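Novice: sequence first, predicted coordinates after that:
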Amino acid sequence: MTLKPGLYQIRYVPAHITPPFLGGVHAVGEDINKPIEALPLFPPFKGVHTWEVTRALDNKDQWVILTPSFRSHSIIHRIGPVRAGWGRPLRKAIQADELDPEAAAEAEVLADKEAEEEGLLPHPDLAVLFTTTIKNWVITQASDGGGDPNKATYTITVPTKLVGAIAAVGVENNHVVTKNYPVIESLHYRTPTWQFVPVNTN
């Protein structure tokens, strides 16, 4: 099934498991600028475990993963809670020493776009960050689950123009991380996959 914008819990699918299944670990954001954790969901719940997954404003083929939006009539236009979401360490260095935080964040996003065009991958085994400097991701269906949304799985990758390799999001030591994989037609291996489990807000 094609992924639709919405609210989801994002659950890792281990290599030896076929959905649907009980338990497992989900992406959980707790501390800003710290790694997103891969944790089981049972009380006491901590951090953000429901995510708003939506198309990126600057590229409709890419996605952003955010904390759910805060809606209140008391919030003045452009003033209100700062949203956090999925980011990653820099792929390309920037000179941010003399920039204010907002300008530094803009420079980091621009550098990431340049890295995408230049075909740069992140260093392997780096954590996906829970941050206010939100980055774009490519979300691709890995299996349609035979048309059953409870069985569909997806890969989450770092955008790049590089041919022959991808940086896919997986799990290591209870953290959500990016890992680099070669893309070779004759080599069949399984990149990490995830389930996007819809959250009912009613």
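Specialist: Received, thanks.
Novice: so P159, which of the three states?
Specialist: Using DSSP: H, G, I helix; E, B strand; the rest coil, the structure places P159 in coil.
Novice: isn't it right up against N136?
Specialist: Yes - with contacts defined as C-beta atoms under 8 Å, P159 counts as touching N136 at a distance of 5.6 Å. (C-beta placed from N, C-alpha, C; glycine too.)
Novice: which residues are in contact with both of these two?
Specialist: Applying C-beta atoms under 8 Å, 6 or more residues apart in numbering, one finds that P159 and N136 are jointly contacted by 59, 62.
Novice: first vs last residue of stretch 46-61, how far apart are they?
Specialist: One end of stretch 46-61 sits 31 Å from the other (C-alpha to C-alpha, to the nearest Å).
Novice: and the helix or strand hosting W63, which residues are buried?
Specialist: Per DSSP states H and E, W63 falls inside strand 59-66. Of the residues in strand 59-66, 62-66 count as buried by neighbour count, 16 or more other C-beta atoms under 10 Å.
Novice: show me how far it is from its chain's centre.
Specialist: From the chain centre to the centre of strand 59-66 is a distance of 9 Å (C-alpha atoms, centre = their mean, to the nearest Å).
Novice: which helices and strands does it pack with?
Specialist: Counting contacts by 3 or more C-beta pairs under 8 Å, 6 or more residues apart in numbering; DSSP states H and E, strand 59-66 is packed against strand 51-56, strand 85-87, strand 138-143.
Novice: present these as TSV; the columns should include distance to T153, mean neighbour count and mean pLDDT.
Specialist: Listed next are these as TSV, based on distance: least, C-beta to C-beta, whole Å; neighbours: other C-beta atoms under 10 Å; pLDDT from 0 to 100:
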stretch	distance to T153	mean neighbour count	mean pLDDT
strand 51-56	14	19	97
strand 85-87	18	24	96
strand 138-143	5	17	94
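Novice: how about those strands in JSON lines, adding distance to G6?
Specialist: Shown next, in JSON lines, are those (distance: least, C-beta to C-beta, whole Å):
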{"stretch": "strand 51-56", "distance to G6": "6"}
{"stretch": "strand 85-87", "distance to G6": "15"}
{"stretch": "strand 138-143", "distance to G6": "12"}
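Novice: for those strands, which one sits closest to P5?
Specialist: strand 51-56 (4.4 Å; C-beta to C-beta).
Novice: that closest one to strand 138-143, inter-axis angle?
Specialist: Using axes from the mean of the first three to the mean of the last three C-alpha atoms, to 10 degrees, one finds that strand 51-56 and strand 138-143 are set 110 degrees apart in direction.
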